[in-house]
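Student: prediction below, plus the sequence it came from.
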Amino acid sequence: MEYDSEKWEKHGNHLLNKKLLEEQSVSEEQKKHIIRIYDIIDKLYKKSEKILDSDKTQEEKKEILKNISVRIENLEYQLQSLWGFPLSEKFHKYNLNIPGCTCPVLDNLDNYGYERIYNCECLVHWWKCENKEDN
C-alpha cells in the first residue's frame, strides 16, 4: 500500500485510514491500542512461520497454530470494538492470513461479511470444522 499522508496516518509499520479514524471518532488512546494489537498480530505471524519451519510434529504444530488462531481471533474482536464496529467473525481478515493457512483465500474475499469458509485440512483452522460438526 502506497503511503499518502493525506489519507493515511503512519504509525511505525502500520497505516491508519484518517477518514475512518474521524468517522469512527477513534481517540488517541484507542489508536495506541489499535497499533499495539497490529504489532501483536505481526509477532504472531512471525511465530507461526517459526512453528511451521520447526521440527515439531504435525500434531504439535496444529495445536500451536490453533492457539495462535484463537489469539488472533480475539484480537480481531478487540480491533472491531476499538474501531467502533459491531463484533462479528464474518469481518475478520487477519485470522485467514496466518502463515500455514490453506483456507480458500479468494472464496473468503468474495464472502467477506458472510460466513467464513474453512479448509478442514488446514493446519491453522482444522478445529473450526470440528466445532461446526458439534452444532
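Tutor: Sure thing, it's come through.
Student: can you list the helices and strands that the helix or strand Glu22 falls within packs against?
Tutor: The secondary structure element spanning Glu22 is helix 18-23 (assigned by DSSP states H and E). Using 3 or more Cβ pairs under 8 Å, 6 or more residues apart in numbering; DSSP states H and E, the elements in contact with helix 18-23 are strand 8-11. In this view, the C-beta of every residue, glycine as well, is placed from N, C-alpha and C.
Student: for the record, mean pLDDT for the strand it packs on?
Tutor: Throughout strand 8-11, pLDDT has a mean value of 91.
Student: direction included, what does it pair up with?
Tutor: Using DSSP bridges, the strands paired with strand 8-11 are strand 14-17 (antiparallel).
Student: how far off centre is the partner strand?
Tutor: How far strand 14-17 lies from its chain's middle: 15 Å, per Cα atoms, centre = their mean, to the nearest Å.
Student: Tyr45 reaches Gly100, doesn't it?
Tutor: No: Tyr45 is not in contact with Gly100 according to Cβ atoms under 8 Å; the separation is 9.9 Å.
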